[in-house]
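A.B. asks: Provide a 3D model corresponding to the input given below.
(chains A and B)
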Amino acid sequence: DAGVIQSPRHEVTEMGQEVTLRCKPISGHNSLFWYRQTMMRGLELLIYFNNNVPIDDSGMPEDRFSAKMPNASFSTLKIQPSEPRDSAVYFCASATGEAYEQYFGPGTRLTVT
Amino acid sequence: KQEVTQIPAALSVPEGENLVLNCSFTDSAIYNLQWFRQDPGKGLTSLLLIQSSQREQTSGRLNASLDKSSGRSTLYIAASQPGDSATYLCASFEGVFGAGTILRVKS
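C.D. replies: Prediction:
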């Protein structure tokens, strides 16, 4: 299996621009998580989906952030408009089964100037 | 809401030493607890997962335990090697992570 796939791996954008991050979970996994990692705040859960339905989005920082999962094999995290404080590494993870073990993607390093 | 803390924040040991990393959580009704390793600039690699019905899990030189009553999990690394140098994170099922322990194993 290819594991969790994220794109792009790096994104540099200017303040005010729209940013879309993409994630393909491991085939057969029914849960998907979006995290943000910064030096100051560590790893924070933004949102998680179960069977394509958002279950907990309490970690989404502001209305500028939105996430969708139109099908079991694809999810997006969108930031509009982006701000410099959004600069971070964004990780996607997927899980399934009774154990619910999470597998992480390589992350997208976002820099907003 | 579940809170997860890890101590120590950093640890430096000579090669060959056995060591223990600690993880504490506030809600004893924990579904599972997962240990990860993160190398600098990289993603997270799952090491061990302990379900609430289990007390420990082992993989090679790693052993993780879970004590729900005391709200603690420990990761034991036997005969540490320089290649074990990384940040170790624990996380609850709800996606709540500790701040991590930065481990350096000196050769």
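A.B. asks: near chain B, which residues of chain A?
C.D. replies: Counting by CB under 8 Å from any CB of the partner chain, chain A comes close to chain B at A:33, A:35, A:42-45, A:48, A:56, A:91, A:93, A:98-107. Every C-beta, even on glycine, is put in place using the N, C-alpha and C of the backbone.
A.B. asks: Mark which of those are buried, thanks.
C.D. replies: Buried members of the residues of chain A next to chain B, counted by 16 or more other CB atoms under 10 Å in any protein chain shown: A:33, A:35, A:43-45, A:48, A:91, A:93, A:100-107.
A.B. asks: Among those, which ones are in strands?
C.D. replies: A:33, A:35, A:43-45, A:48, A:91, A:93, A:103-104 (DSSP state E).
A.B. asks: Dump these into CSV; add distance to B:Pro40 and pLDDT as well.
C.D. replies: Shown next, in CSV, are those (distance: CB to CB, whole Å; pLDDT from 0 to 100):
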residue, distance to B:Pro40, pLDDT
A:Phe33, 22, 96
A:Tyr35, 17, 98
A:Leu43, 15, 95
A:Glu44, 19, 95
A:Leu45, 22, 95
A:Tyr48, 26, 93
A:Phe91, 15, 98
A:Ala93, 19, 97
A:Tyr103, 20, 95
A:Phe104, 15, 96
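A.B. asks: right, and the pair among those residues with maximum separation?
C.D. replies: A:Glu44 and A:Tyr103 (18.5 Å; CB to CB).
A.B. asks: Can you name the residue of chain B nearest to chain A?
C.D. replies: Closest residue of chain B to chain A, CB to the nearest CB: B:Gly95 (3.6 Å).
A.B. asks: residues contacting A:Leu77?
C.D. replies: Counting by CB atoms under 8 Å, 6 or more residues apart in numbering or on different chains, A:Leu77 touches A:20-21, A:23, A:34, A:46-47, A:65-67, A:90, A:92.
A.B. asks: Quick one: mean pLDDT for the helix or strand containing it?
C.D. replies: In the assignment (DSSP states H and E), A:Leu77 maps to strand A:74-79. The average pLDDT within strand A:74-79 is 98.
A.B. asks: quick one: that strand to chain centroid distance?
C.D. replies: 6 Å (CA atoms, centre = their mean, to the nearest Å).
A.B. asks: what does stretch A:13-31 give?
C.D. replies: Counting by CA atoms, centre = their mean, stretch A:13-31 is centred 5 Å from the centre of its parent chain.
A.B. asks: Dump that stretch to PDB, restricted to CA.
C.D. replies: The C-alpha trace of stretch A:13-31 is given here as PDB (Å, rounded to 0.1, in the frame of the first residue of the first chain):
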ATOM      1  CA  THR A  13       1.800  31.600  -0.900                       C
ATOM      2  CA  GLU A  14       1.100  35.200  -0.200                       C
ATOM      3  CA  MET A  15      -1.200  36.500   2.500                       C
ATOM      4  CA  GLY A  16      -4.800  36.700   1.300                       C
ATOM      5  CA  GLN A  17      -4.500  33.800  -1.200                       C
ATOM      6  CA  GLU A  18      -6.500  30.700  -1.100                       C
ATOM      7  CA  VAL A  19      -4.700  27.500  -0.200                       C
ATOM      8  CA  THR A  20      -6.000  23.900  -0.800                       C
ATOM      9  CA  LEU A  21      -4.300  20.900   0.700                       C
ATOM     10  CA  ARG A  22      -5.100  17.400  -0.400                       C
ATOM     11  CA  CYS A  23      -5.100  14.000   1.200                       C
ATOM     12  CA  LYS A  24      -5.700  10.500  -0.100                       C
ATOM     13  CA  PRO A  25      -6.200   8.100   2.800                       C
ATOM     14  CA  ILE A  26      -5.100   4.400   2.800                       C
ATOM     15  CA  SER A  27      -7.600   2.400   0.900                       C
ATOM     16  CA  GLY A  28     -10.200   0.800   3.100                       C
ATOM     17  CA  HIS A  29      -9.700   3.200   6.000                       C
ATOM     18  CA  ASN A  30     -12.900   4.800   7.100                       C
ATOM     19  CA  SER A  31     -11.600   7.600   9.300                       C
END
